[in-house]
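*Asks:* Quick one: sequence plus predicted model below, questions after.
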Amino acid sequence: MTLSLIGVGAIQYYWVVKAVNLDEKNFNDKVTIALNNVKKKITTDTEKLMEQRYYENLGIPQPSVSLSPGVQPEIGTVGINQTDPATHDIKLKSGYLNQDELLENIDKDVLDSYLKAEMASKSIDIHYEYGVYSVEYNSYFIENGSYIATIGDTTKSSNIAALNPLAKAEYKIPLFDNESYSPGHLNIYFPNKKGFLWSNVLGILISSIIFTGLILFCFAYTIWVIVHQKKISEIKTDFINNMTHEFKTPIATISLASDSILSPVIIENKDKVKRFVGIIQQENKRMLKQVEKVLQMAQIDKENIELKFNQINIHDIIQDAAVNAELKVQSKGGKITASLLATDPVIEADGIHLASIVNNLLDNAEKYTPEHPDIYIETANIPGGLTFTVKDNGIGMNKDALKMIFEKFYRVHTGNLHDVKGFGLGLSYVKAMVEAHHGWVKAESELGKGSAFTIFIPKKQNA
Ligand code: ADP
């Protein structure tokens, strides 16, 4: 796809440049024709003038057909020898003006009007600059419809032909030239030619940029979706692996315990039977807990989570959860401390879900602190409600992980998948529930130092 996009881009670029080049060729042709026509007109005018003067000088009336093709008055000595015999076959020979003089006799206004008319007839309606250069003066003596007053004064830099921008003009046509001598030329250039040519293809250019951009956007979006889907599928595979593992252990233990009870040696011994039944119950509870966690996922997916709001004392919930978690924490050589500072700990909330939120946070704090957990719980009243924070001194996480932990199924990769058990659902459940309570959750963490989760629940739900 990338290759074909580059290909399409290159082809489009090629076509646009080709179109501009073609336009330019067309433009050049038109300008050349226009200049040739101007040249013809000026030459014809001058021929007429010379002829008229010649007859005036002789004192004889001018023959009315003198300028018709084929009629060639063979008079005089030197003058214009047109190089284009098809249109200028009148070889006028006048003794009055030489080629340089003819050139310098060009009328600025006539030239200007000829140029204007020719440009208009070729539909070239962009600004142009022109000048007539004389070899004799080595200078431009007409510029853009005006005579140059200081012609010949080479102390003025504008009169130094090579410095004049017209010297670099793209179009030049010699005037009153013959095979051996050219007294000067008419130069013309279009300062905005490039812009004009590109403006002709602007529509195509912009639309092709827009369409290529669209394709590029769709391409990028498709890639993003593929990568995203791949991640989700990896996460789901992880989840299934985890779940299988989590259920396999209690199932195996229960099966082992029930087999043991059935063995004749054990079945007689009440104490042993009790012990094994105890194990079965314990494992059963563990499975129930896992099932509940998976069910939490269904809760998150529900569009409208149904909550039963009651007046709940958060301190009671925290104390109960702390008592439950304490055993595990103590077995790791740690402790749970609480600063229940909120003066008004009663909030409107769903007791069961609130307890689940606190349990999830305490569970995580214990799970992700491998040694001597020092878990600290704090509550505080802030305007509008109440916050509680669960802080630990565990493994913490980096900034990238911190951004992701509230995503469903997300688990920080530790390398060993089953190192710490979990489905990656706890925090997404916490977030969904807190939001259903119109509150917010904030996570802070530093890799290797610990984490802190703060939750805000408003005092009243429909305030
Ligand atoms: P899990 O079932 O994996 O614990 P959670 O949604 O509760 O799922 O947490 C998501 C991930 O966030 C965890 O896998 C873990 O990497 C990270 N995490 C959550 N709580 C903590 C904590 N207190 N300390 C460090 N990492 C944590």
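*Replies:* Alright, I've got the coordinates. The shown structure was predicted, so the numbers you read here are calculated from the model rather than taken from an experiment.

*Asks:* C-terminal to the helix or strand hosting residue 387, what's the next element?
*Replies:* Residue 387 belongs to strand 385-391 when elements are defined using DSSP states H and E. As assigned by DSSP H and E, the chain's next helix or strand after strand 385-391 is helix 399-404.

*Asks:* That next one packs against which elements?
*Replies:* Applying 3 or more C-beta pairs under 8 Å, 6 or more residues apart in numbering; DSSP states H and E, we find helix 399-404 packed against strand 440-446. Every residue, glycine included, has its C-beta placed from N, CA and C.

*Asks:* Next, the buried residues of the strand it packs on.
*Replies:* 441, 443, 445 (16 or more other C-beta atoms under 10 Å).

*Asks:* Name the nearest of those residues relative to residue 110.
*Replies:* residue 443 (86.0 Å; C-beta to C-beta).

*Asks:* For the closest one, which non-adjacent residue is spatially closest?
*Replies:* Take residue 443 and drop its neighbours on the chain: the residue closest to it by C-beta to C-beta, 6 or more residues apart in numbering is residue 453, 5.3 Å away.

*Asks:* what sits against that neighbour?
*Replies:* Contacts for residue 453 were tallied using C-beta atoms under 8 Å, 6 or more residues apart in numbering; they are 361, 364, 389, 390, 391, 430, 441, 442, 443, 444.

*Asks:* Check residue 438 too.
*Replies:* By C-beta under 8 Å, 6+ apart, the contact list for residue 438 reads 458, 461.

*Asks:* can you pull the contacts of the residue nearest to residue 2 when sequence neighbours are not counted?
*Replies:* In space, residue 2 comes closest to residue 219 once its chain neighbours are excluded; the distance is 7.9 Å by C-beta to C-beta, 6+ apart. By C-beta under 8 Å, 6+ apart, the contact list for residue 219 reads 1, 2, 5.

*Asks:* Of those, just say which sits nearest to residue 251.
*Replies:* Each of the contacts of residue 219 was scored against residue 251 by C-beta to C-beta, and residue 1 proved nearest at 47.6 Å.

*Asks:* before we move on, the earlier item: name whatever forms a beta bridge with the residue nearest to residue 443.
*Replies:* residue 390, residue 443 (DSSP bridges).

*Asks:* how about the strands in this protein?
*Replies:* Taking DSSP state E as the test, the strands found in the chain are 78-79, 93-94, 129-134, 139-143, 146-147, 171-175, 184-189, 310-313, 335-340, 346-349, 374-382, 385-391, 440-446, 450-458.

*Asks:* so which of the contacts of residue 453 also contact the ligand?
*Replies:* Restricting these to those within reach of the ligand (C-beta under 6 Å from any ligand atom) leaves residue 364.

*Asks:* can you tell me which of the contacts of residue 453 lies nearest to residue 252?
*Replies:* Residue 252 lies nearest to residue 364 out of the contacts of residue 453, by C-beta to C-beta, at 26.1 Å.

*Asks:* The closest one and residue 443, how far apart?
*Replies:* 10 Å (C-beta to C-beta, to the nearest Å).

*Asks:* Residue 46 too?
*Replies:* Counting by C-beta to C-beta, the gap from residue 46 to residue 443 is 92 Å.

*Asks:* same deal with residue 249?
*Replies:* Taking C-beta to C-beta as the measure, residue 249 falls 30 Å from residue 443.

*Asks:* tally of neighbours for the residue in the stretch 201-350 of the chain that the ligand sits nearest to?
*Replies:* As assessed by C-beta to the nearest ligand atom, the ligand sits closest to residue 293 within the stretch 201-350 of the chain, at 7.4 Å. Other residues near residue 293 come to 19 when the count uses other C-beta atoms under 10 Å.

*Asks:* Do you know the pLDDT at it?
*Replies:* For residue 293, the pLDDT comes out at 76.

*Asks:* In contact with it, which residues?
*Replies:* So residue 293 contacts 423, 425, 426 (C-beta under 8 Å, 6+ apart).

*Asks:* hang on, isn't the last one packed against residue 364?
*Replies:* The one in question is residue 426. Yes. Using C-beta atoms under 8 Å, residue 426 is in contact with residue 364, at 6.2 Å.
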